[in-house]
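Engineer: model the following, please.
(chains A and B)
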Amino acid sequence: MSGLAKPLKIALGLIVIAGLIVIPMNFNRYGLFILSQWTVMTIAAMGLNLTLGYAGQVSLAQGAFVGIGAYAAAIMTTHGWPLPAAILVAIVLSFGVGWVLGYPALRVQHHYLAFVTLAFSTLAFLVFRNESWLTGGIYGISNIPRPHVFGIATNKPLPFYYVCLGLLAIVSIAVWWLIRSPWGRAFMALRENPLRAQSLGIDTRRYTLMAFAIGSALGGVAGALYAPLTQYIDPVPFNLSLSLDLLMMVIVGGAGFYFGPFLGAMIAVLLPEWLRFTEGYYLMLYAIAVMGLLIWSPSGILGILDRYMAARRTKAASALRAVAKSRLETAQ
Amino acid sequence: MSAVLEVTNIKKSFGGITAVDGVSFDVREGEILGLIGPNGCGKSTLFNCILGQLTPSGGEVKLDGKVVTGLRPSELNKLGVSRTFQLLQVFPKLSVRENLILAGQEHQGNMASRLVGRSDAGLTEAANQMIGFFKLDHLAAEPAGGLSYGQQKLLDAAMAFMGGPRLVLLDEPAGGVNPTMLSDLKERLVAINREKNATFVVIEHNMEFVMSLCSRVMVMAEGKVLAMGKPDEVRKNPAVIEAYLGH
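Structural biologist: Numbers count the residues shown, from 1 in each chain, chains lettered A, B, ... in the order given. Below is the predicted model:
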């Protein structure tokens, strides 16, 4: 993205935002549901992108945090609490649990860490399913209310889509701020070279825990939106496959790229819908497309764009050098 | 002159191998101490023990008279101890300027101010000065990974100075750096040593570099201190000639 001129980038951004507001006005119920789902998955994937893409800590537990947020919101709102309070509790709860889950990352890395987080994912699923006094067990929690925003009921799909979009906007700004701050730089240092980071005074322990906690908190936010979106939750959507889906969104979009989760979630949520006309074959086509992409570009879709921009910059720089050289020769 | 760093009887074994075997020395404020010796004699291991990257099997490290053995590298760095690495350790995807801002940011404010404050932690100006000081101006916005080996070495050294350290341990700063750039580096080190009264310990195989830069030289062999003294004394020491310098 860095190769585009700034006014062009701003114009492009405004067009996309306007499109996200205006175009869905013509969508039917189902279309709006899918689009709302995209915003929820984007928020969860942005969290994982922080933990994995920026800070380099593998996690197979993001789906569990979506579940924690969803159950927190479902339990609270069905007991009469307003959604903002539920979102706040979801954030605090998943931040705290995420912080604790970060401790193993201080000792183990890569696939070992993946297994630790996988075990946690299973544990969370068992709690959702077995602790029926709290979670309703396999019957789940139904009749989850949707909020009133400034006195407007969001029972209908379009107003609730705007709630989702609004929250996505807030999260996007917060994450943008975070990755541009010294924290974001420290996260990247953690991923690239923890040894060097330490010798520059970067408290790698604290930043690792923070990367886990903040990433998990965003999973919690996504869950707290998921519950009122579907208005019914049970343990099944929060099993390991959600964590794997979210991991795929981050990697397909481009881990460590700001816009990666937006793109990855779009592909994961929308592509199966678009491929529906192929009937029984859509999952196969989807799987093949993902494999093909990752063989072509292990750094995801935005990785392709990044390479293209880098190549263009190099070309421009060599052209400049050639001009400078020829001028030097003429001068002699 | 008081001692900035006092190392007493440091030992480090890996399994059955004793890499550092009871090394004691001190580094005086404002001096440049050279550390030489054959490959595998324990120089880098000694550095890693002093800097908290390895836990010594025995012995004690004091900074300004206070025991700092067992502190984490990030904690020692906050106390003003910095280092460069033998192998290249810059952040290749960040620009030269961003590398320097990263190197200084943890010395500014606290965790909260680093989150809500300015994205450059107020360090762009300081980074630009360091870039100018190390003559990297034309490369400031380039990704560090695109720099030549020698330029990355310079950047690595510049990063070690961003936090305004009192004591810097340099691990083979001259390795693989061409002669012109090397004289630049030496000139920069001497300038920082004089202007900021920073203290250096330098591991190096380039004898000309060590002998002209350092006020004292310590020679290690097989994990022990073989000799310590002024460059000329060390150069004439028969044991040093035997073990390292050759005839």
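Engineer: is stretch A:38-52 anywhere near chain B?
Structural biologist: No: Stretch A:38-52 is not in contact with chain B by C-beta under 8 Å from any C-beta of the partner chain; minimum separation 13.1 Å. Placement of C-beta: from N, CA and C, glycine included.
Engineer: list the buried ones in that stretch?
Structural biologist: Buried residues in stretch A:38-52, counted by 16 or more other C-beta atoms under 10 Å in any protein chain shown: A:38-52.
Engineer: mind giving me the packing neighbours of the top helix by length along chain B?
Structural biologist: Counting residues, the longest helix found in chain B (DSSP state H) is helix B:179-195. The contact analysis (3 or more C-beta pairs under 8 Å, 6 or more residues apart in numbering or on different chains; DSSP states H and E) places helix B:179-195 against helix B:149-161, strand B:199-203, helix B:207-213.
Engineer: from the buried residues of stretch A:38-52, pick the one nearest chain B.
Structural biologist: A:Leu50 (13.1 Å; C-beta to the nearest C-beta).
Engineer: OK, contacts around the most centrally placed residue in chain A?
Structural biologist: Nearest to the geometric centre of chain A sits A:Ala45, at 1.5 Å (C-alpha atoms, centre = their mean). The contact partners of A:Ala45, by C-beta atoms under 8 Å, 6 or more residues apart in numbering or on different chains, come to A:Gln62, A:Leu246, A:Met249, A:Val250, A:Gly253, A:Gly260, A:Pro261, A:Gly264, A:Ala265.
Engineer: state the helix or strand in which it lies.
Structural biologist: Counting by DSSP states H and E, the element that carries A:Ala45 is helix A:29-48.
Engineer: after that helix, next one along is what?
Structural biologist: Next along from helix A:29-48, by DSSP H and E: helix A:62-78.
Engineer: mind checking the pLDDT average for whichever helix or strand comes after that following helix?
Structural biologist: Next helix or strand after helix A:62-78 toward the C-terminus (DSSP H and E): helix A:83-102. Mean per-residue pLDDT for helix A:83-102: 97.
Engineer: export only the CA atoms of the helix or strand just after helix A:83-102, formatted as CSV.
Structural biologist: Per DSSP H and E, helix A:83-102 leads on to helix A:110-130 as the next helix or strand towards the C-terminus. Presented in CSV, the C-alpha positions along helix A:110-130 are these (Å, rounded to 0.1, in the frame of the first residue of the first chain):
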residue,chain,number,x,y,z
HIS,A,110,6.1,-21.8,17.3
HIS,A,111,4.4,-25.3,17.1
TYR,A,112,4.8,-25.9,20.8
LEU,A,113,3.0,-22.7,21.5
ALA,A,114,0.4,-23.8,18.9
PHE,A,115,-0.3,-26.9,20.9
VAL,A,116,-0.6,-25.1,24.2
THR,A,117,-3.2,-22.7,22.7
LEU,A,118,-4.9,-25.6,21.0
ALA,A,119,-5.3,-27.3,24.4
PHE,A,120,-6.8,-24.1,25.8
SER,A,121,-9.2,-24.0,22.9
THR,A,122,-10.5,-27.5,23.7
LEU,A,123,-10.7,-26.6,27.4
ALA,A,124,-12.9,-23.5,26.6
PHE,A,125,-15.1,-25.6,24.3
LEU,A,126,-15.6,-28.1,27.1
VAL,A,127,-16.6,-25.3,29.6
PHE,A,128,-19.1,-23.9,27.1
ARG,A,129,-20.6,-27.4,26.6
ASN,A,130,-20.5,-28.9,30.1
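Engineer: helices or strands next to whichever helix or strand comes after helix A:110-130 in the packing?
Structural biologist: Per DSSP H and E, the first helix or strand lying C-terminal to helix A:110-130 is helix A:132-135. The contact analysis (3+ C-beta pairs under 8 Å, 6+ apart) places helix A:132-135 against helix A:62-78, helix A:110-130.
Engineer: so which of these is the most surrounded?
Structural biologist: helix A:62-78 (a mean of 28; mean count of other C-beta atoms under 10 Å in any protein chain shown).
Engineer: next one: that helix to chain centre, how far?
Structural biologist: Centre-to-centre, helix A:62-78 and its host chain are 16 Å apart (C-alpha atoms, centre = their mean, to the nearest Å).
Engineer: same deal with stretch B:187-197?
Structural biologist: In this view, stretch B:187-197 has its centroid 14 Å away from the chain centroid, taken as C-alpha atoms, centre = their mean.
Engineer: buried residues in that stretch, which are they?
Structural biologist: B:Arg188, B:Leu189, B:Ile192, B:Asn193.
Engineer: pretty sure the third one is touching B:Phe161, no?
Structural biologist: To tie it back to what came earlier, the one meant is B:Ile192. Yes: B:Ile192 lies in contact with B:Phe161 (C-beta atoms under 8 Å); the separation is 6.2 Å.
Engineer: now do the shared contacts for those two.
Structural biologist: B:Ala198.
Engineer: show me where chain B dips below the pLDDT cut-off.
Structural biologist: B:1, B:247 (pLDDT under 70).
Engineer: quick check: residues of it near chain A?
Structural biologist: So chain B meets chain A at B:51, B:53, B:72-74, B:77-78, B:82-83, B:85, B:89-94, B:98, B:101-103, B:105-108, B:111, B:114-117, B:119, B:121, B:159, B:162-163 (C-beta under 8 Å from any C-beta).
Engineer: let's see which of the residues you listed end up in strands.
Structural biologist: B:Ser82, B:Arg83 (DSSP state E).
Engineer: pull the distance from the helix or strand where A:Leu242 lies to the chain's centre.
Structural biologist: In the assignment (DSSP H and E), A:Leu242 maps to helix A:240-253. Centroid separation between helix A:240-253 and its chain, computed with C-alpha atoms, centre = their mean, is 9 Å.
Engineer: could you check the angle it makes with helix A:110-130?
Structural biologist: Helix A:240-253 runs at 140 degrees relative to helix A:110-130, counting by axes from the mean of the first three to the mean of the last three C-alpha atoms, to 10 degrees.
Engineer: not counting sequence-adjacent ones, nearest residue to A:Val221?
Structural biologist: A:Ile43 (5.6 Å; C-beta to C-beta, 6 or more residues apart in numbering or on different chains).
Engineer: the longest helix in chain A is where?
Structural biologist: helix A:300-331.
Engineer: what about stretch A:106-113, start to end distance?
Structural biologist: 10 Å (C-alpha to C-alpha, to the nearest Å).
Engineer: verify the stated contact: B:Thr45 with B:Leu54.
Structural biologist: Yes: look at B:Thr45 against B:Leu54 with C-beta under 8 Å: they come within range, at 6.7 Å.
Engineer: list the buried residues in the worst-scoring helix or strand of chain A on mean pLDDT.
Structural biologist: Every helix and strand of chain A was ranked by mean pLDDT, DSSP states H and E. The lowest is helix A:300-331, at a mean of 78. Going by neighbour count (16+ other C-beta under 10 Å), the buried part of helix A:300-331 is A:Gly300, A:Ile301, A:Leu302, A:Gly303, A:Leu305, A:Asp306.
Engineer: out of the residues you listed, who's nearest A:Phe33?
Structural biologist: Closest to A:Phe33 out of those is A:Ile301 (24.7 Å), distances taken as C-beta to C-beta.
Engineer: am I right that the closest one is in contact with A:Gly254?
Structural biologist: Yes: with contact defined as C-beta under 8 Å, A:Ile301 and A:Gly254 form a contacting pair (5.7 Å).
Engineer: common neighbours of those two, please.
Structural biologist: A:Gly260, A:Leu263, A:Gly264.
Engineer: could I get the residues you listed as JSON lines with distance to chain B?
Structural biologist: JSON lines is the format used below for the shared contacts of A:Ile301 and A:Gly254 (distance: C-beta to the nearest C-beta, whole Å):
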{"residue": "A:Gly260", "distance to chain B": "15"}
{"residue": "A:Leu263", "distance to chain B": "20"}
{"residue": "A:Gly264", "distance to chain B": "20"}
